[in-house]
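Asks: sharing a sequence plus its predicted fold:
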Amino acid sequence: HIYFLPDPPFLETMTQNGTTSFHGTAYTNGVVSATLLAANLELSFWGGVNPKTGEVIDRFHPLSGCLLQDTILAIPGGRGSCGGSVIMMELILNGLGPKALIFKRREEIITLGVIVAEEFFGKTAPVIVLRPEDFNQVLELHRATFDISNIKVQLSDFDKATIEGANGEATRISMKVLARVADMMGAQEMMDVSQAHVDGAWYGPGSVAFAKRLRDWGGRFRIPSTINSLNIDQRHWRTLGIDAEFGSTCDELTQAFLDMDGKVSFTCAPYLLETAPKLGDSIAWGESNAVIYANSVLGARTLKNPNMLEILIALTGRAPKAGVFLDENRIAELHVHVRPFRSIDSSFWPVLGYALGAAASTRIPVITGLEDMKPSTTDFKAFSAAFATSSSAAMFHMVKLTPEAPTLEAVCGGEVPPRISLGWKELSDCWYEFNHSSESRQVDLISLGNPHFTLHEIKDLSILCRGKNKHADVAVIVTCGRSVHALALQAGYVRDLEAFGVQFLTDTCWCSIEEPIIPTNAKVIMTNSGKYIHYGPGLTGRQFCFGSLEMCAEAAITGKSTGMRPEWLQKANFKEGGISHFPILYKRRTQQPQDFWPAMIRDYSNRQLGYANDKIPTITGIMKQLSGDPTNDFLKFGFMPQRVARDMLWESGGGQGTTPLTQRVDADNQVIKDPPSGAKLSNATYSVTSAGALMIRGAQYSELQVGAKMTRGIEGPTDIVYSVKHNNVLTLMDKESNVVGWGAFDLNPNRTGGNIGNIDEKKVVCVLVSTTAWGQPIEHNQGLTRGMKL
């Protein structure tokens with residue numbers, strides 16, 4: 001059993017071998033005993049737990065399928081949606097929640113749901129936060145028991161008067177809850193905020209009772225407050241087949257917020273409204289994607305408010321002065337370098353946001369590598385929503401792209417945060433996690449607008465569908481805010497898309513949409529949202545696939561998702577250095593006797609291994625593992641002038657454990673001289689044939705590496721970058737396929753970039769990444785200069 005005892009708070013564990021005590025901080029009281037349900041991964045209660053059953057429905061979580069009722073839940077904390085507070089309150093009121101909660105760190109979202117249930121409805125569940133080392137031990141326990149209690153926030157005269165009831169019952173209870181939450185957050189005082197975006201209009205019996213009680217107590221928002229998306233399209237739900245009782249109750253819930261002076265906005269993208277805050281504004285926003293966007297892209301300041309907290313702040317105009325309201329809590333805690341991609345489409349930003357959020361976890365990241373990109377409002381929206389789904393951090397920085405990060409140093413607070421890199425592999429893994437398959441699949445529904453579509457997205461979709469016919473078996477639904485819909489209607493985009501077969505919904509968003517709007521026979525839903533691809537499977541019970549807006553439009557026309565990755569994940573590209581450990585399109589170039597520039601590297605069975613070059617004397621291509629048997633490990637370098645081959649020396653290009661070449665011979669098989677230390681061939685001989693081919697026997701894979709440099713007797717590059725066992729060397733070619741220079745890319749995550757060298761004034765239009773594969777063309781007639789960074 002585990003006992004939580006007061007003053008000071010600590011957890012006492014009694015076993016057959018004795019008693020162990022762990023100190024922690026408790027935020028609600030109680031005594032319980034129940035089965036421990038534990039996982040060392042954060043959980044979003046909204047979209048991750050069904051409030052009607054208590055089942056964990058997040059299909060990405062290790063507790064997926066477990067029931068929370070009659071358990072003691074031990075998780076590090078919450079993550080993702082701010083709506084977890086409402087779900088926690090609903091679970092308590094329904095009697096389906098955990099009997100107690102143990103967290104590894106201070107947790108506001110889920111805990112607020114417990115506090116509101118306690119203050120408003122007299123029902124609670126004990127909550128305690130343990131030290132990380134104690135939490136890790138508790139994960140191994142099986143039964144638990146609680147008891148505890150204890151506030152230290154300096155309140156202003158207004159705060160005190162409000163708690164004493166001077167401003168009405170609604171504000172009294174609101175300020176009482178806010179003071180408890182401020183104490184939990186470690187805030188020393190409360191502060192004023194200028195506006196709110198309330199995210200409490202999500203339907204549930206507890207939500208309705210909460211809103212009505214505040215309204216009936218005389219509550220009125222003291223600051224301008226917009227309202228988040230609803231469970232229904234308020235103007236059209238009756239014609240959409242929504243259950244009459246459900247629709248009417250949702251209307252009652254919405255009206256309660258309107259009665260408290262909430263604004264008719266009904267969007268989950270309030271940053272698209274004219275009321276969007278400015279740099280430095282202190283606000284109180286709900287809705288996770290909006291919080292991330294406001295803090296990061298706009299430079300405003302808001303807590304990642306658990307649902308209902310922003311409502312209490314709107315009623316009082318006061319918020320805990322904690323978290324990212326404070327300069328010191330907006331400092332980057334992780335440096336993420338993103339290796340640039342070319343030819344990206346709209347799918348890049350949600351994939352990057354989700355992968356980066358998962359890597360950052362609770363830490364605020366600063367992102368480099370994207371400085372030359374120009375993300376739009378739509379791109380930032382997609383990134384923020386995906387980031388907010390997989391991370392519990394309240395913001396991010398992008399150097400030169402977000403207002404508080406003109407430089408890397410500006411957001412690091414004088415410290416050097418840990419550094420990681422994200423490249424093709426990490427984003428490719430994320431794409432697979434979204435889709436789980438590369439097979440073509442029949443699609444029944446295209447889900448667009450999570451978060452709500454921008455006007456630009458509606459315009460792009462209309463262009464993609466213009467002159468096309470929608471597949472008869474596919475439904476296409478777009479959700480957006482009323483203001484955006486009005487602009488799209490005025491511009492003619494709505495007319496064109498409705499003629500194609502697109503259905504528009506306003507006021508509601510996909511995380512609240514159920515049958516019958518989702519067709520009952522729909523088995524596979526396709527989305528372009530990094531948020532909905534995470535929550536959708538659990539919320540709807542359907543299969544999902546993910547793609548760019550362009551892919552979604554194509555599926556709407558053909559009825560199928562091809563399963564193919566986008567071009568930016570499918571091909572080698574210039575900035576990634578031509579790394580071809582994934583499929584690339586190619587065409588052969590017929591070899592002519594006069595074409596001496598490529599030197600084919602073949603093994604004993606004449607299988608091509610890579611190539612070298614007399615103008616660009618560097619091995620490229622992936623070298624195979626050789627056995628070390630001189631009979632079988634026979635390398636031939638063909639199509640190379642004899643004078644070049646005879647004068648070549650293979651030097652070290654990096655790596656460890658290499659030994660000097662034992663001998664070097666000329667065309668007459670005469671030893672020329674001892675090679676320098678660090679040569680790439682160990683216990684091997686090589687010679688030049690009369691046809692100009694260079695023969696090597698006994699070469700070891702670990703010693704003959706991609707990137708090795710041939711320099712003796714040739715005017716070649718002097719600044720070759722690093723040698724690694726991958727395609728890190730590029731041949732740069734002009735329109736006539738003439739070699740005009742070379743480049744290299746460093747795969748070592750501790751170094752960045754690479755140099756272009758040995759290039760003339762010709763314009764480069766193609767990058768050759770192996771002797772039989774053509775890389776993706778770079779921008780036509782793009783000028784390159786020697787020494788520029790890749």
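Replies: Received the coordinates, thanks.
Asks: residue ranges with poor pLDDT in this structure?
Replies: Where the chain drops to pLDDT under 70, the residues are 1-21, 141-151, 570-790.
Asks: touching the helix or strand Ser248 falls within from outside, list them.
Replies: Taking DSSP states H and E as the definition, one finds Ser248 inside helix 244-259. Residues from elsewhere that reach helix 244-259 (C-beta atoms under 8 Å, 6 or more residues apart in numbering): 198, 200-201, 203, 207-208, 211-212, 214-215, 227, 230-232, 234, 237-238, 264, 266, 311. Where you see a C-beta, it was placed from the backbone N, CA and C, and this is true even at glycine.
Asks: of those, which belong to strands?
Replies: 198, 227 (DSSP state E).
Asks: returning to what we had before: how about the helix holding Ser248: buried residues?
Replies: Residues 247, 249-250, 253-257 are the ones in helix 244-259 that count as buried (16 or more other C-beta atoms under 10 Å).
Asks: repeat that for stretch 88-105.
Replies: 88-94, 96-104.
Asks: out of those residues, which comes closest to His485?
Replies: Glu90 (30.3 Å; C-beta to C-beta).
Asks: next up, the contacts around the closest one.
Replies: So, once contact is read as C-beta under 8 Å, 6+ apart, Glu90 ends up touching 51, 204-207.
Asks: just those residues now: which is nearest Ala393?
Replies: Nearest to Ala393 among these, counting by C-beta to C-beta, is Pro51 at 25.5 Å.
Asks: just the buried ones from the contacts of helix 244-259, in ChimeraX syntax?
Replies: Selection of the buried residues among the contacts of helix 244-259 in ChimeraX, burial being defined by 16+ other C-beta under 10 Å:
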select :198,200,201,203,207,208,211,214,215,227,230,231,232,234,237,266,311
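Asks: shouldn't Gly357 be in contact with Met395?
Replies: No - assessed by C-beta atoms under 8 Å, Gly357 is found out of contact with Met395, at 11.3 Å.
Asks: re earlier: okay if I get the buried residues of helix 244-259 as a markdown table plus distance to Ser561?
Replies: Shown next, in a markdown table, are the buried residues of helix 244-259 (distance: C-beta to C-beta, whole Å):
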| residue | distance to Ser561 |
| --- | --- |
| Gly247 | 32 |
| Thr249 | 36 |
| Cys250 | 32 |
| Leu253 | 36 |
| Thr254 | 35 |
| Gln255 | 41 |
| Ala256 | 41 |
| Phe257 | 38 |
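Asks: how near is Gly206 to Gly219?
Replies: With the distance defined as C-beta to C-beta, to the nearest Å, Gly206 ends up 17 Å from Gly219.
Asks: I misspoke; the intended subject was Leu408.
Replies: 45 Å.
Asks: from the contacts of Glu90, which is closest to Thr389?
Replies: Using C-beta to C-beta, these come closest to Thr389 at Pro51, 19.0 Å.
Asks: verify the stated contact: that closest one with Ile92.
Replies: No - assessed by C-beta under 8 Å, Pro51 is found out of contact with Ile92, at 9.9 Å.
Asks: element containing the residue nearest to Glu164 when sequence neighbours are not counted, please.
Replies: The shortest distance from Glu164 to any non-neighbouring residue, by C-beta to C-beta, 6 or more residues apart in numbering, is to Arg172 (7.5 Å). Remark: Arg172 resides in helix 169-185, with elements defined by DSSP H and E.
Asks: ok, and what's touching that helix?
Replies: 27, 106, 108, 111-112, 115-116, 119-120, 151-153, 155, 159, 162-165, 189-190, 214-215, 217-220, 309, 311-313, 315-316, 318-323.
Asks: make a ChimeraX selection of the buried ones in these.
Replies: Applying 16+ other C-beta under 10 Å to the contacts of helix 169-185 leaves a buried subset, and the ChimeraX line that selects it is:
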select :27,108,111,112,115,116,120,153,155,159,162,163,190,214,215,219,220,309,311,312,313,315,316,318,319,320,321,322,323
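Asks: in strands, which of the contacts of helix 169-185 appear?
Replies: Using DSSP E, the contacts of helix 169-185 in strands are 27, 190, 318-320.
Asks: which two from those end up farthest apart in space?
Replies: Counting by C-beta to C-beta, the most remote pair of the ones in strands among the contacts of helix 169-185 is Tyr27 and Arg318, 19.7 Å apart.
Asks: which stretches of the stretch 201-350 of the chain form helices?
Replies: 205-216, 244-259, 288-293, 309-316, 348-360 (DSSP state H, counting those that start in this stretch).
Asks: could you dump these into TSV and include distance to Leu539?
Replies: Supplementary listing: those in TSV, determined by distance: least, C-beta to C-beta, whole Å:
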stretch	distance to Leu539
helix 205-216	17
helix 244-259	16
helix 288-293	15
helix 309-316	23
helix 348-360	17
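Asks: between these, which one is closest to Pro340.
Replies: helix 348-360 (10.7 Å).
Asks: which helices and strands does whichever helix or strand comes after the closest one pack with?
Replies: Following helix 348-360 in sequence order, the next helix or strand is strand 365-368 (DSSP H and E). Contacts defined by 3 or more C-beta pairs under 8 Å, 6 or more residues apart in numbering; DSSP states H and E place strand 365-368 against strand 334-338, helix 348-360, strand 397-398.
Asks: put the alpha carbons of the first one into PDB.
Replies: C-alpha atoms of strand 334-338 as PDB (Å, rounded to 0.1, in the frame of the first residue of the first chain):
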ATOM      1  CA  LEU A 334      17.000  22.200 -26.700                       C
ATOM      2  CA  HIS A 335      18.700  23.100 -30.000                       C
ATOM      3  CA  VAL A 336      17.300  21.200 -32.900                       C
ATOM      4  CA  HIS A 337      19.100  21.500 -36.300                       C
ATOM      5  CA  VAL A 338      17.000  20.500 -39.200                       C
END
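Asks: quickly run through the sheet partners of that strand, with directions.
Replies: Sheet pairing for strand 334-338, assigned by DSSP bridges, gives strand 365-368 (parallel), strand 419-422 (parallel).
Asks: just these: most buried one?
Replies: Sort those by mean neighbour count, taking mean count of other C-beta atoms under 10 Å, and strand 365-368 sits at the top with a mean of 25.
Asks: give me the residues contacting the next helix or strand along the chain from that strand.
Replies: Per DSSP H and E, the first helix or strand lying C-terminal to strand 365-368 is helix 377-390. Applying C-beta under 8 Å, 6+ apart, the contact partners of helix 377-390 are 44, 79-81, 269, 271-272, 288-289, 291-293, 296-297, 346, 349-358, 360, 375, 393, 396, 450-451, 454, 456-457, 528-531, 534-535.
Asks: the nearest residue to Ser174 once chain neighbours are set aside: what's it in contact with?
Replies: Leaving aside its chain neighbours, Ser174 sits nearest to Leu312 (3.9 Å; criterion: C-beta to C-beta, 6+ apart). By C-beta under 8 Å, 6+ apart, the contact set of Leu312 is 174-175, 177-178.
Asks: could you redo the last one with a cut-off of 6 Å?
Replies: 174, 177-178 (C-beta atoms under 6 Å, 6 or more residues apart in numbering).
Asks: next one: Arg79
Replies: Here Arg79 is in contact with 42, 44, 392 (C-beta under 6 Å, 6+ apart).
Asks: which of those residues tops the neighbour count?
Replies: Ser44 (28 neighbours; other C-beta atoms under 10 Å).
Asks: the nearest residue to that residue once chain neighbours are set aside and Gly357, how far apart?
Replies: Leaving aside its sequence neighbours, Ser44 sits nearest to Gly80 (C-beta to C-beta, 6+ apart; 3.1 Å). Taking C-beta to C-beta as the measure, Gly80 falls 9 Å from Gly357.
Asks: for Asp134, same thing?
Replies: 27 Å.
Asks: who has more neighbours, those two?
Replies: Shown here are Asp134 and Gly357; by other C-beta under 10 Å, Gly357 has more neighbours (26 against 19).
Asks: what sits against the more buried one?
Replies: 387, 390-391.
Asks: just the strands in the stretch 451-600 of the chain please.
Replies: Assigned by DSSP state E, counting those that start in this stretch, the stretch 451-600 of the chain shows strands spanning 475-480, 502-506, 524-527, 543-546, 560-561, 598-602.
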